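Asker: just need the structure, nothing else, for what follows:
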Amino acid sequence: MSIENPEKYKEFKTETLINTLNSHPFTVKNYKKFIKEKSDFLDTSFSIHHISHLLLARSKLNDSIVISAAEIFFKQNQESINVIAVGGYGRNELHPYSDTDLLLLIEKNEKKSFQDSLAKFLTFLWDIGIQVGHSTRTLQECLKEGSKDLTVATSLMEARYLYGSITTYQTLEKEITGNKLLWSNTQFLEGKKNEQLSRHSQFNNTAYNLEPNIKSGPGGLRDIHSIFWVGKKILGIQQLQELNGLGIISNQQLSMLIHARDFLFSIRYALHALTQRKEDRLLFDYQRTLAKQFDYHDEQHLLGVEQFMQDYYKSAKTIGRLNEIILQIYTQKLFQSKKSKIKTLNHSFQIRDNLVELRKGIQFKDNPSLLLEIFLLFQKHKDIQGIGSKTISMITENLHLIDDSFRENTENKKLFLDILKAPEGVTHELKRMNLYGVLGLYIPAFGKIEGRMQYDLFHAFTIDEHTLLVVSNLRRLALKRFDHEYMEYSKKMQLIATPEILYIAGLFHDIAKGRNEDHSKLGSLEAESFCLDHGMSKYESKLVSWLVKNHLILSLTAQRKDINDPNVIRSFAIKVGD
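Answerer: Predicted coordinates for the structure are as follows:
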């Protein structure tokens, strides 16, 4: 990524900045003035086109302040202490109000003698506005804590030298890279996977919340950090770009990952600057302001803020998909020496270690229908836990095959209906198809609502996520194991001979939103056309169309009319019929 004007960053060299600081008297006032001048300069030069350089410049600014302060407070004992950047600061990813995470590494017998100078050092940093997060440990304490706590181990892996004994720092670095933290590659990988699962569960396991957390939510920056941390541990990478050279991901995938990461970096930087605090939630109150700042403009059928958020969700989806692929490749690399268990499913597919994949010599381009068949296999074979990473990459690389001729293919129409009619896994496979971009291409109208938000506080999710949630709720009513939730409605649902009618109606009920016309009417026409095109009877097609056209009647009656009025109930009953 190139800098628009490299000259503006020339002064952001650590040595140059330290010299500038040292040319003024050592006072809180002078440091505050220095920080404000340089920070204001960086914030006014903010551009999404050079965000990684901006974060590096801010890290260098912080380095100069921490190092010059350490020189004042620790000069007499420089060989007995180390000031080390860790966490995001260690990665040179410092946003305006991010914490300055420091490890203060002290010789074993020097802890008490450093108490006073450490307290003064940290107090000074807080006084000048540096938000410090710190730990004070000896080398042995680092290794002991890192061996017990995965978070500490991860933090130590990102350690970056700032000040003090370079020999002691190099010893720490050697101990960490030499696996003295007692985390095997397998343990580290599984630990990071579990961390991610736990983190995602806090956000309903979806990236499509209307007020997403861009750091910790699914598809957020933490998912990229997980890719980096595990890659650093098991492959020794120092930056994401090395994954391409190691054959983990393609040039195109790397480009997509970096682009998505930098977009989220830019949003986070702008959020901090806007709120004047460490803010990682893209709240409603900020979305419209940021959309304008990022130069999104209102169009006839789509607000600028909706375009901005749609680009965010697309980026989160890209990160989520690549996170899955790369962590899966890491797993396969760790276990590749062991003999894989392979089970042949049919001419095209096999299961390797519970992951479905294309058999040797089989290509999607030779039989595009396999792009749908692979999802049907999940419903037929309960032992399949995911898709092999190579096959995931092949799916994303061959999405262009899902064109008009693909959609008109009789076999493909049957495969899609078979997925909807399957006794198990309907919702899971629709969500999986959405994740890999297949669903939005097979139903182009659905593709238009992917990641599209509704700028109001009534809806909790994007339109596509809300739509799939509706289908999920219908499926729960259709499955006996969920009878305890809504027994009366479950009994009714399970009496319906063709529940796929309701699933299709669910898929299409909001599919025409954002077109500046009545979405119910437009959606009903598209739904009827889809049904007839897929060989459903005229009656079934008309019924789906009617459900889509009238899907708001129940909520309008319940929420805006007097349901104690017999006439209201009578007109509703007449409209619904049976």
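Asker: what's the burial count for the nearest residue to A460 once chain neighbours are set aside?
Answerer: In space, and not counting its chain neighbours, A460 is closest to L210: 6.1 Å by CB to CB, 6 or more residues apart in numbering. C-beta here means a position set from N, CA and C on the backbone, and glycine is covered the same way. Residues contacting L210 under the criterion other CB atoms under 10 Å number 22.
Asker: shaky segments in the chain?
Answerer: The model of the chain has pLDDT under 70 over residues 1-11, 179-180, 336-338, 455-459.
Asker: contacts only, for the spatially most central residue of it.
Answerer: When CA atoms, centre = their mean is applied to the chain, the residue found nearest the centroid is G219 (0.5 Å). Listed by CB atoms under 8 Å, 6 or more residues apart in numbering, the contact set of G219 reads A207, Y313, S315, A316, K317, T318, I319, G320, N323.
Asker: which residues are in contact with the closest residue to it other than its chain neighbours?
Answerer: Among residues not flanking G219 along the chain, A316 sits closest, at 2.9 Å (CB to CB, 6+ apart). Contacts for A316 (CB under 8 Å, 6+ apart) come out as A207, Y208, P212, G217, P218, G219, G220, A260, L264.
Asker: out of those residues, which is nearest to S135?
Answerer: When those are compared for distance to S135 (CB to CB), G220 wins out at 24.9 Å.
Asker: any idea which helix is longest in this structure?
Answerer: Longest helix in the chain by number of residues (criterion: DSSP state H): helix 304-335.
Asker: now do the buried residues in that helix.
Answerer: 304-334 (16 or more other CB atoms under 10 Å).
Asker: test my guess that D101 contacts A85.
Answerer: Yes: using CB atoms under 8 Å, D101 is in contact with A85, at 7.0 Å.
Asker: ok, the two, which is more surrounded?
Answerer: Shown here are D101 and A85; by other CB under 10 Å, A85 has more neighbours (24 against 20).
Asker: which residues touch the closest residue to that one other than its chain neighbours?
Answerer: Nearest residue to A85 in three dimensions, chain neighbours excluded: R160, at 4.3 Å (CB to CB, 6+ apart). Residues near R160 by CB under 8 Å, 6+ apart: I84, A85, V86, Y89, G90, R91, N92.
Asker: please apply the same query to H259.
Answerer: So H259 contacts S315, T318 (CB under 8 Å, 6+ apart).
Asker: measure it to A291 for me?
Answerer: Between H259 and A291 the distance is 19 Å, computed by CB to CB, to the nearest Å.
Asker: over to N205?
Answerer: 26 Å.
Asker: these two: who's more crowded?
Answerer: Taking other CB under 10 Å, N205 and A291 do not tie; A291 has more neighbours (22 against 12).
Asker: sec struct for K343, please.
Answerer: Following DSSP: H, G, I helix; E, B strand; the rest coil, the label given to K343 is strand.
Asker: name whatever forms a beta bridge with the residue lying closest to it once chain neighbours are set aside.
Answerer: Distances taken as CB to CB, 6+ apart place I351 nearest to K343, at 4.4 Å, with adjacent residues excluded. Assessed by DSSP bridges, I351 has beta-bridge partners K343, V356.
Asker: for I351, give me its contacts.
Answerer: I342, K343, L345, E357, H381, D383, I384.
Asker: adding distance to R277 and neighbour count, write those residues out as CSV.
Answerer: Putting these into CSV (distance: CB to CB, whole Å; neighbours: other CB atoms under 10 Å) gives the following:
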residue, distance to R277, neighbour count
I342, 53, 11
K343, 53, 14
L345, 53, 17
E357, 47, 22
H381, 50, 14
D383, 49, 8
I384, 45, 19
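Asker: so which of those residues comes closest to K278?
Answerer: I384 (41.6 Å).
Asker: dump the host helix or strand of V230 to CSV, restricted to CA.
Answerer: According to DSSP states H and E, V230 maps onto helix 221-235. Extracted in CSV, the C-alpha atoms of helix 221-235 (Å, rounded to 0.1, in the frame of the first residue of the first chain):
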residue,chain,number,x,y,z
LEU,A,221,-10.0,-7.6,14.0
ARG,A,222,-9.6,-10.3,16.7
ASP,A,223,-10.3,-13.0,14.0
ILE,A,224,-7.4,-11.6,12.0
HIS,A,225,-5.2,-11.6,15.1
SER,A,226,-6.0,-15.2,15.7
ILE,A,227,-4.8,-16.0,12.2
PHE,A,228,-1.6,-14.1,12.9
TRP,A,229,-1.0,-15.6,16.4
VAL,A,230,-1.3,-19.2,15.4
GLY,A,231,0.7,-18.6,12.2
LYS,A,232,3.5,-17.0,14.3
LYS,A,233,3.4,-19.9,16.8
ILE,A,234,3.4,-22.8,14.4
LEU,A,235,5.0,-21.3,11.2
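Asker: for whichever helix or strand comes after it, buried residues please.
Answerer: Following helix 221-235 in sequence order, the next helix or strand is helix 242-245 (DSSP H and E). Buried residues in helix 242-245, counted by 16+ other CB under 10 Å: E242, L243, N244.
Asker: and stretch 509-524, by the same measure?
Answerer: Those would be H509, D510, I511, A512, K513, G514, H519, S520, L522, G523, S524, for stretch 509-524 by 16+ other CB under 10 Å.
Asker: from the chain's centre, how far out does that stretch sit?
Answerer: Remark: stretch 509-524 is offset 29 Å from the chain centroid, using CA atoms, centre = their mean, to the nearest Å.
Asker: what is the end-to-end distance of stretch 394-409?
Answerer: 21 Å (CA to CA, to the nearest Å).
Asker: tell me the buried residues in that stretch?
Answerer: Neighbour-count burial for stretch 394-409 [16+ other CB under 10 Å]: M394, I395, T396, L401, I402, F406, R407.
Asker: the last one sits in which helix or strand?
Answerer: By that I understand R407. helix 404-408.
Asker: helices and strands around that helix, which ones?
Answerer: Contact here means 3 or more CB pairs under 8 Å, 6 or more residues apart in numbering; DSSP states H and E; on that basis helix 404-408 packs against no helix or strand.
Asker: residues contacting that helix, please?
Answerer: P368, L371, N412, K413, Y442.
Asker: and stretch 490-502, which residues are buried?
Answerer: For stretch 490-502, a neighbour-count test (16+ other CB under 10 Å) marks S490, M493, P499, E500, I501, L502 as buried.
Asker: quick one: distance of it to the chain centre.
Answerer: With CA atoms, centre = their mean, you get 35 Å for stretch 490-502.
Asker: ditto for stretch 523-541
Answerer: How far stretch 523-541 lies from its chain's middle: 35 Å, per CA atoms, centre = their mean.
Asker: and what of stretch 548-567?
Answerer: 38 Å.
Asker: now swap in stretch 288-303 and tell me
Answerer: For stretch 288-303, the distance to the chain centre is 22 Å (CA atoms, centre = their mean).
Asker: can you show me the CA trace of it as CSV?
Answerer: Below are the C-alpha coordinates for stretch 288-303, written out as CSV (Å, rounded to 0.1, in the frame of the first residue of the first chain):
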residue,chain,number,x,y,z
ARG,A,288,-24.1,8.2,9.8
THR,A,289,-21.2,10.5,10.8
LEU,A,290,-18.6,7.9,9.8
ALA,A,291,-20.4,7.2,6.5
LYS,A,292,-20.0,10.9,5.6
GLN,A,293,-16.4,10.9,6.8
PHE,A,294,-15.7,7.9,4.5
ASP,A,295,-17.3,9.8,1.6
TYR,A,296,-20.5,7.7,1.2
HIS,A,297,-23.4,9.6,-0.3
ASP,A,298,-27.2,9.0,-0.2
GLU,A,299,-28.6,7.5,-3.4
GLN,A,300,-32.2,7.3,-4.6
HIS,A,301,-32.9,3.8,-3.0
LEU,A,302,-30.0,3.5,-0.6
LEU,A,303,-28.7,5.8,2.1
